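>>> Predicted structure and sequence below. I'll ask about it afterward.
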Amino acid sequence: MLNLAPHSRLWIFQADRFLNSEEFAKVNAELKDFMQGWASHGNELYGDFSIQNDLFVMVGADESKSPTSGCSIDALTRKIKELGADLNIDFFNRLNIAYEEPSTEIKLVSMLEFKNLMSSDTVTRQTTVYNNLVETVADLDENWRTTVGQSWHKNLLQVL
């Protein structure tokens, strides 16, 4: 996924719909250009990005080599927002949940729909979800793709 050390900081931006091939190519090209100039207080950042499942844009930075700053994080956020505006995609809608059906096909639904799927037992504690709150590359490898019962999503069970 990302060619960075496990301790590297990570940001995951989930699209509100799956990217088509042209959108994927645009996001890929623009992030490639962005990453070449991404800096913190004039120091080049050691970062990498990946687009997974035509849905998740992941950006990481090895802060042991050069720490990120508020300005560099703001620049990343602006870039993702610009891409979203250009493509009519919301990368910041935290009310959409990605989960896997038993066939491992990824579905994207609203939080309300996800709650309804939980109450009908279509989604259970064992259903695979994507925890976009992970903060490091190591967390990505270990905790990004997890179960409802092991993720923040379990808090939705309490409201049912």
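Cool, got the structure.
>>> after the helix-or-strand element of the chain with minimal mean pLDDT, next one along is what?
None of the helices or strands of the chain scores lower by mean pLDDT, DSSP states H and E than strand 39-40, at a mean of 75. Reading on from strand 39-40 to the C-terminus, the next helix or strand found by DSSP states H and E is strand 43-44.
>>> how far does that next one sit from the chain's center?
What separates the centre of strand 43-44 from the centre of its chain is 24 Å, taken as Cα atoms, centre = their mean, to the nearest Å.
>>> just checking, next helix/strand downstream of it?
Using DSSP H and E, the helix or strand that follows strand 43-44 towards the C-terminus is strand 47-52.
>>> mind listing the strands for the protein?
With DSSP state E as the criterion, the chain has strands at 9-14, 39-40, 43-44, 47-52, 56-61, 96-100, 106-110, 128-130, 145-147.
>>> Alpha carbons only: can I get the first one in PDB?
By that I understand strand 9-14. This file holds the C-alpha atoms of strand 9-14, laid out as PDB (Å, rounded to 0.1, in the frame of the first residue of the first chain):
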ATOM      1  CA  ARG A   9       1.700   9.300  10.200                       C
ATOM      2  CA  LEU A  10      -1.400   8.500   8.100                       C
ATOM      3  CA  TRP A  11      -4.500  10.200   6.800                       C
ATOM      4  CA  ILE A  12      -7.300   8.400   5.100                       C
ATOM      5  CA  PHE A  13      -9.900  10.200   3.000                       C
ATOM      6  CA  GLN A  14     -12.900   8.100   2.000                       C
END
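>>> what's it packed up against?
On a contact count with 3 or more Cβ pairs under 8 Å, 6 or more residues apart in numbering; DSSP states H and E, strand 9-14 meets strand 56-61, helix 70-87. C-beta: built from backbone N, CA, C; applies to glycine.
>>> now the last one
Contact analysis of strand 145-147 by 3+ Cβ pairs under 8 Å, 6+ apart lists strand 128-130 as its packing neighbours.
>>> what's the domain layout of the protein?
Following automatic domain parsing, one gets these domains for the chain: 9-87, 96-132+143-159.
>>> These into TSV, with extra columns for distance to Asn3 and mean neighbour count?
Shown next, in TSV, are the domains of the chain (distance: least, Cβ to Cβ, whole Å; neighbours: other Cβ atoms under 10 Å):
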stretch	distance to Asn3	mean neighbour count
domain 9-87	5	17
domain 96-132+143-159	16	15
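>>> Low-confidence bits of this structure, can you list those?
The chain contains residues with pLDDT under 70 at 157-160.
>>> give the contact list for Val134.
By Cβ atoms under 8 Å, 6 or more residues apart in numbering, the contact set of Val134 is 10, 12, 140, 143-144.
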